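> how would this look folded up:
(one chain, ligands or ions: 1)
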Amino acid sequence: MKACYPGTFDPITNGHIDIIERASEMFDEVVVLIMHNAAKKCLFTEEERKQFIEESVANLPLSHKIKVMIGSGLTVEYAASIGASAIIRGIRAVSDYEYELMQATANMYLNDSVETLLLIARPQYSFLSSSVVKEIGLNHGDISELVPEPILDRVAKQLGSRE
Ligand code: ADP
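Sure, this is the predicted structure:
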């Protein structure tokens with residue numbers, strides 16, 4: 001079975017990686033799907049985000065099951081078009097749940113054949129978001145425990161130069 005994990009990933013964090021790793025243990029294939037979110041202004045281009053994800057998942061134990069794609073249009077329709085039967089999303093707090101519940105229900109309305117699975121964030125990542133990484137990095141704080149090691153230097157450098 002194929003699942004997709006859609007998100008903005010601006011940039012990918014260790015919290016995202018944990019979800020990808022856990023999903024890769026449950027499914028034969030996991031497609032990390034970079035989607036446009038009109039509510040968010042991104043700091044990194046889609047291509048930069050794709051490269052960051054590809055380099056970050058390369059060393060995971062089940063990396064051969066993981067693909068990265070840039071999607072378009074409605075997430076659930078895109079997921080169905082690539083043959084994914086599940087959409088994976090992460091939940092860090094009750095505040096995430098309200099948004100995710102609404103999205104999942106809307107997706108069910110649009111296409112009943114794709115299930116949404118919500119994975120609970122590990123406690124050590126429950127505060128972690130791309131926004132937190134950007135906030136800390138843009139202010140020259142330490143992001144070394146927050147983003148994957150293979151991309152750390154570049155993310156820190158790019159955040160430093162994009163103030
Ligand atoms: P979106 O703009 O679609 O919310 P994000 O890149 O912010 O994209 O997040 C993608 C998914 O990953 C969301 O379901 C979000 O709740 C989840 N997520 C983000 N950070 C974490 C984390 N630290 N632990 C677990 N899930 C997370």
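
> any weak-confidence spans in the protein?
Regions of the chain meeting the criterion pLDDT under 70 cover residues 162-163.

> can you dump the C-alpha coordinates of stretch 148-156 into CSV?
These are the backbone C-alpha positions of stretch 148-156, laid out as CSV (Å, rounded to 0.1, in the frame of the first residue of the first chain):
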residue,chain,number,x,y,z
PRO,A,148,18.2,16.8,9.9
GLU,A,149,22.0,16.8,10.1
PRO,A,150,22.6,16.5,6.3
ILE,A,151,21.0,19.8,5.7
LEU,A,152,21.8,21.7,8.9
ASP,A,153,24.6,23.8,7.6
ARG,A,154,22.8,24.9,4.5
VAL,A,155,19.5,25.7,6.3
ALA,A,156,21.3,27.7,8.9
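
> Buried residues of it, list them for me.
Residues 148, 151, 155-156 are the ones in stretch 148-156 that count as buried (16 or more other CB atoms under 10 Å). In short, each C-beta sits where N, CA and C put it, glycine included.

> ok, now stretch 23-39?
Here stretch 23-39 shows 23-24, 27, 29-35 as buried, counting by 16+ other CB under 10 Å.

> show me what contacts residue 60?
Residues counted as contacts of residue 60 (CB atoms under 8 Å, 6 or more residues apart in numbering) are 17, 20-21, 24, 66.

> Show only the entries of those residues found in strands.
Judged by DSSP state E, strands contain the following of those: residue 66.

> JSON lines for the contacts of residue 60, including distance to residue 127?
JSON lines is the format used below for those (distance: CB to CB, whole Å):
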{"residue": "17", "distance to residue 127": "15"}
{"residue": "20", "distance to residue 127": "19"}
{"residue": "21", "distance to residue 127": "19"}
{"residue": "24", "distance to residue 127": "24"}
{"residue": "66", "distance to residue 127": "25"}
